[in-house]
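*Asks:* Would you be able to build a 3D model of this:
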Amino acid sequence: MNSGLSRHLILGAGPAGLATGFFATRSGLPVRLFEAADRVGGNAITHQHGAFRFDSGAHRFHDKDPEMTAIVRELLGADLLSCELPSQIVYGNRWVDFPLTPLNLLRSFGPASIFRATTDLIRARLNGRADPETFESRVVHTYGRFLAEIFLLPYSKKLWGVDGCELSPSVSGKRLKGLQLGSFVRELLLGRRAKVKHLDGRFYYPKHGFGMVAEALADAIGREHIELESRVTSIRRSDARVESIEINGERAIPASQVINTLPLTRFLKLLDPLPPADVLEIAARLRFRNVLLVAIGINRPRVTGNGSIYFSDARTPITRVYEPKNRSPFMSPPDQTQLVAEIPCWTTDSVWNAPDAELIERVAGEFTRTGLIRHEDVVDGCVRRMHSAYPVLKTDTTNTVARIRTWLSRLTNVDMAGRGGDFAYTHVHDILRSGQTMAWAAAARAQEESSVACFA
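*Replies:* Below is the predicted model of the structure:
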């Protein structure tokens, strides 16, 4: 076995740490992963509650990068299922397709509202910027003020905890699509045949939950290289490099190369000595949003046909609901199903600290109010709490992170990865690609160092 000094130490065994470890192992690099939890996967795991399985979020794997899709297929084989499910928004007693489509809006709101939305959209396109500076300006440019204020701005305020005018346009990812007058006419003529093309509903999903991806990556790395229940409690550095990491306050591991996937703010606070005060001061501007998962077991075979249901109404704290059984029939018993609600919040919010029974009753009440279920259909419920689920990307975040990364660049043996380490909103295929890129770069450095040593 190689000594600890020769290994690449990966902090965190979530998707980013596992992806980097997987490709590093394939490149012949010895790795060692340290994970504080008692299982791998980070915030992309599958929970088990009685006969029900549910993920830590409405995860899905889109075929956006064919090479990374091939890797996941190789890992999971026949256990990777193909799905095609629509998504919808609940607004009052209306169910509206998402992404928004003209024909469905016409049917849901009537001609007068659509006329207002259309004129508002034309006005936004004429007056708005094609390259907007904030999330609010982007959604107004894409959909017009009328639809933005009904659907997207109140939803984003619940999700991120700040107003849309403070958010970076990048928080919308690639989901926003414009409403065009041409598409409006085409949908009127062709009906559902045209509408289906707008929905981003085709994806892959593992048979027994998204956590299978993390488990398969861990198996490919080798479980002997992953240390669970191993919390990083200190990162000791010199001016130019990390010298060692401390685990559980007990033992120090010498560091050759460190790949950090822990939240960027936590990484900085673990450094010994600490970074300069000005670096810590700007890092304090960065925040992560927590998410509560409230899973309700239902005594019915199926409730909806959707992949995700978005709740735009500001009167409910729920942002998104998904039915795991729609992704895979193996997630629930044949005669029962489950609905899982996501409630984003801060650690200081009362809802984060509310008793589980109160949260279950509240969410079940919301499902009843919207007509999803009858209260007597509820068979059980459970709550899971996810810390630091989403980095909150504000308009000044890019500059803030760049300043922190400039200081971190002096630590020549440290790389940052993942949503937490990069402080970026990324998807699984992006994380896999980034892990491959980072591993290949590390392998190239190791080869160069080996060649230099040979000729020294």
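
*Asks:* which stretches of the stretch 1-150 of the chain aren't confidently modelled?
*Replies:* 1-6, 128-130 (pLDDT under 70).

*Asks:* Spatially nearest residue to Phe22 (excluding sequence neighbours)?
*Replies:* Spatially, and ignoring its direct neighbours in sequence, Phe22 is nearest to Leu217 (4.8 Å; Cβ to Cβ, 6 or more residues apart in numbering). For every residue, glycine as well, the C-beta is placed using N, CA and C.

*Asks:* Leu9 - that's part of a helix, no?
*Replies:* No. Secondary structure of Leu9 (DSSP: H, G, I helix; E, B strand; the rest coil): strand, not part of a helix.

*Asks:* Surely the residue nearest to Phe22 is in contact with Gly21?
*Replies:* Yes. At 7.4 Å, Leu217 counts as touching Gly21 under the criterion of Cβ atoms under 8 Å.

*Asks:* buried stuff in the strand or helix carrying the residue nearest to Phe22?
*Replies:* Taking DSSP states H and E as the criterion, Leu217 maps to helix 211-221. By neighbour count on 16 or more other Cβ atoms under 10 Å, the buried set for helix 211-221 is Gly211, Met212, Val213, Ala214, Glu215, Ala216, Leu217, Ala218, Ala220, Ile221.

*Asks:* can you pull up the bridge partners for the closest residue in space to Ala58 that isn't next to it in sequence?
*Replies:* The shortest distance from Ala58 to any non-neighbouring residue, by Cβ to Cβ, 6+ apart, is to Tyr322 (3.9 Å). As for beta bridges, Tyr322 partners with Val340 under DSSP bridges.

*Asks:* ok now do Tyr322, which residues does it touch?
*Replies:* By Cβ atoms under 8 Å, 6 or more residues apart in numbering, the contact list for Tyr322 reads Ala58, Asn306, Gly307, Ser308, Ile309, Leu339, Val340.

*Asks:* hang on, the earlier thing: quick one: mean pLDDT for the helix holding Leu217?
*Replies:* In this model, helix 211-221 carries a mean pLDDT of 98.

*Asks:* Show me what the next helix-or-strand element following that helix is packed against.
*Replies:* Counting by DSSP H and E, the element after helix 211-221 in chain order, helix or strand, is strand 226-227. Helices and strands touching strand 226-227, by 3 or more Cβ pairs under 8 Å, 6 or more residues apart in numbering; DSSP states H and E, are strand 31-34.

*Asks:* hmm, who's touching the strand it packs on?
*Replies:* 4, 7-13, 17-18, 20-21, 24-25, 221, 225-227, 230-232, 245, 247, 253.

*Asks:* Now restrict those residues to buried residues only.
*Replies:* 4, 7-13, 17-18, 20-21, 24-25, 221, 225-227, 230, 232, 245, 247, 253.

*Asks:* Where is the longest strand in the chain?
*Replies:* strand 378-391 (DSSP state E).

*Asks:* which helices and strands does the helix or strand following it pack with?
*Replies:* Following strand 378-391 in sequence order, the next helix or strand is helix 397-408 (DSSP H and E). Packing partners of helix 397-408 (3+ Cβ pairs under 8 Å, 6+ apart): helix 264-270, helix 277-283, strand 414-416.

*Asks:* got the buried residues for helix 397-408?
*Replies:* Thr397, Thr400, Val401, Ile404, Leu408.

*Asks:* between that helix and strand 378-391, how many degrees?
*Replies:* Here the directions of helix 397-408 and strand 378-391 differ by 60 degrees (axes from the mean of the first three to the mean of the last three Cα atoms, to 10 degrees).

*Asks:* From the chain's centroid, how far away is helix 397-408?
*Replies:* Helix 397-408 sits 22 Å away from the centroid of its parent chain (Cα atoms, centre = their mean, to the nearest Å).

*Asks:* Let's test this: mean pLDDT of it, rounded?
*Replies:* Per-residue scores along helix 397-408 average to 96.

*Asks:* for stretch 153-171, same thing?
*Replies:* On average, stretch 153-171 scores 93.

*Asks:* Likewise for stretch 340-349?
*Replies:* 97.

*Asks:* Stretch 436-451 too?
*Replies:* Mean predicted lDDT for stretch 436-451 stands at 83.

*Asks:* Show me what counts as buried in that stretch.
*Replies:* Per 16+ other Cβ under 10 Å, stretch 436-451 contains these buried residues: Gln436, Met438, Ala439, Ala442, Ala443, Ala446.

*Asks:* who touches the third one in this structure?
*Replies:* Contact partners of Ala439, counting by Cβ under 8 Å, 6+ apart, are Thr20, Phe22, Phe23, Ala24, Arg26, Ser27, Leu29.

*Asks:* Need the nearest residue in space to the first one, chain neighbours excluded.
*Replies:* Distance criterion Cβ to Cβ, 6+ apart; nearest residue to Thr20, sequence neighbours excluded, is Gly435 at 4.1 Å.

*Asks:* hang on, the one you found in a helix?
*Replies:* Yes. Using three-state DSSP, the assignment for Gly435 is a helix.

*Asks:* Wait, it touches Ser27, no?
*Replies:* No. The pair Gly435 and Ser27 does not pass the contact test of Cβ under 8 Å, sitting 10.9 Å apart.
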